[in-house]
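A predicted structure for the sequence below; I have some questions about it.
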Amino acid sequence: MSSVQACSASDDERRPPAHDLLEVAQRGLAREPKRLPSWLFYDQRGSALFEQICEQPEYYLTRCELSLMEQHAGSIADTLGSDVRLVEYGSGSGVKTRILLRHLHQPVSYVPVEISPEPLHRSVQRLAHEFPGLPLQPLCADFSKPLRLPIPPRAPRHTVVYFPGSTIGNFEAHDAAALLRKMRNEMGDVGGILIGVDLKKDPARIEAAYNDAAGVTAEFTLNMLARLNREIGSDFELTAFAHRARYNPMAGRIETHIVSRCEQQVKIGRNKALFRTDEAIQVEYSCKYSLADFAALAEKAGLAVLRVWTDPQQMFSVQYLARASVDPH
């Protein structure tokens, strides 16, 4: 029987109290330009829509990463070595994780960190069935905040922070470096970071992934407004707004906006948010990196890239980072 420690919700739930959400919306829509945080995407409906996005033919990221993991999981496990404690940020459904866990050598424990208790519980139940001998130590928390990791059942040789997907790309460069430094602290002196990084490629291929023909991504984006209507009583008319995702080659990123189709005003609590025709709310960045770009970012965080694995078309990468011999600070 696997060892599964109980998961207790942290102070950083996916769904904040209504008055906090109202404050977030009022503050973001009073800015110039307007901006809302991307975590607003992931209510229950948004999470289900994101799963559908991953199945769209244009969305290469998930397929490329899964193919990469299936091809290279043995090599990755050899690089991590034996007696590893694996700490995964934003564990979600854990499909890629199961591939890795099948190849790890005598892992000490698996610590999935997920802000939403329901997906975490479902994932842990599946893993407990598939890996009955693996100690599971789920942690309900916001991985962007300092973590108190559970005490492992035995001393690990080292701790590896696993950050699959391309979520590091959702952070602007300064924040991405700060998150990598945080991981560096949590992995300890001899630990490492195993991270998914989406690579620069044909801009048309990138843009298509965020503008699927079926319109699932557009529905996902506009669901943010539906969530605000439901949870704080705002009165966004969804048909009066449009999804827009464009690649900015100078910044090397997809920039996703919700765009007002007309001049209008929206009730946000006791406030009114005024919109001009074609005025945009910035809701997400998705940064893409060359291998050199990401090595430079890692260096700013006191890390060095030791290994890189890519899919055959070099669309996506999984990279292993360790402490640099010279700390930049």
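Yes, it's here. Bear in mind the structure is a predicted one, so any value in this text is a computation, not a measurement.

so A204, which state does it fall into?
helix (DSSP: H, G, I helix; E, B strand; the rest coil).

again with L21
L21 is classified as helix under three-state DSSP.

same thing with the one 5 residues further on?
When classified by three-state DSSP, Q26 comes out as helix.

neighbours around it, how many?
Q26 has 16 neighbours, counted by other C-beta atoms under 10 Å. All C-beta atoms are positioned from the backbone trio N, CA, C, and that covers glycine.

now do K145
Neighbours around K145, by other C-beta under 10 Å: 11.

now do the one 3 residues further on
By other C-beta under 10 Å, the residues close to R148 number 9.

and it, how far from L180?
20 Å (C-beta to C-beta, to the nearest Å).

please apply the same query to A77.
Distance, A77 to L180, by C-beta to C-beta: 22 Å.

mind checking which of the two has more residues around it?
L180 (24 against 19).

assign that one to helix, strand or coil.
helix.

the closest residue to it other than its chain neighbours: neighbour count?
With sequence-adjacent residues excluded and distances taken as C-beta to C-beta, 6 or more residues apart in numbering, L180 is closest to A301, at 3.6 Å. Neighbour count of A301, defined by other C-beta under 10 Å: 23.

isn't A301 right next to H174, touching?
No. A301 is beyond contact range of H174, at 10.9 Å (criterion: C-beta atoms under 8 Å).

quick check, pLDDT for the closest residue to M69 other than its chain neighbours.
In space, M69 comes closest to I99 once its chain neighbours are excluded; the distance is 4.6 Å by C-beta to C-beta, 6+ apart. On the pLDDT scale, I99 is placed at 95.

wait, a strand at I99?
No. Counting by three-state DSSP, I99 falls outside a strand, being helix.

do a quick rundown of the strands in the protein.
Along the chain, the segments classed as strands by DSSP state E run 34-35, 84-89, 109-114, 139-140, 158-163, 192-198, 241-248, 253-260, 264-268, 271-275, 280-287, 303-310, 316-323.

out of those strands, the one nearest E58 is which?
Closest approach to E58 among these is made by strand 241-248 (11.2 Å; C-beta to C-beta).

by contact count, what packs against that closest one?
Other helices and strands packing on strand 241-248, by 3 or more C-beta pairs under 8 Å, 6 or more residues apart in numbering; DSSP states H and E, are helix 203-209, helix 216-232, strand 253-260.

ok, now with 6 Å
Counting contacts by 3 or more C-beta pairs under 6 Å, 6 or more residues apart in numbering; DSSP states H and E, strand 241-248 packs against helix 203-209, strand 253-260.

please enumerate residues in contact with it?
Strand 241-248 is contacted by residues 203, 206-207, 210-211, 218, 221, 254-261 when judged by C-beta atoms under 6 Å, 6 or more residues apart in numbering.

list the buried residues for that strand?
By 16 or more other C-beta atoms under 10 Å, the buried positions in strand 241-248 come out as F241, A242, H243, R244, A245, Y247.

and the pLDDT at the nearest residue to the fifth one once chain neighbours are set aside?
Distance criterion C-beta to C-beta, 6+ apart; nearest residue to A245, sequence neighbours excluded, is Y210 at 3.7 Å. Predicted confidence (pLDDT) at Y210: the value is 98.

same check, this time on Q313
Q313 is assigned 90 on the pLDDT scale.

what's it in contact with, if anything?
Contacts of Q313 (C-beta under 6 Å, 6+ apart): none.

try P164
So P164 contacts K96, G196 (C-beta under 6 Å, 6+ apart).
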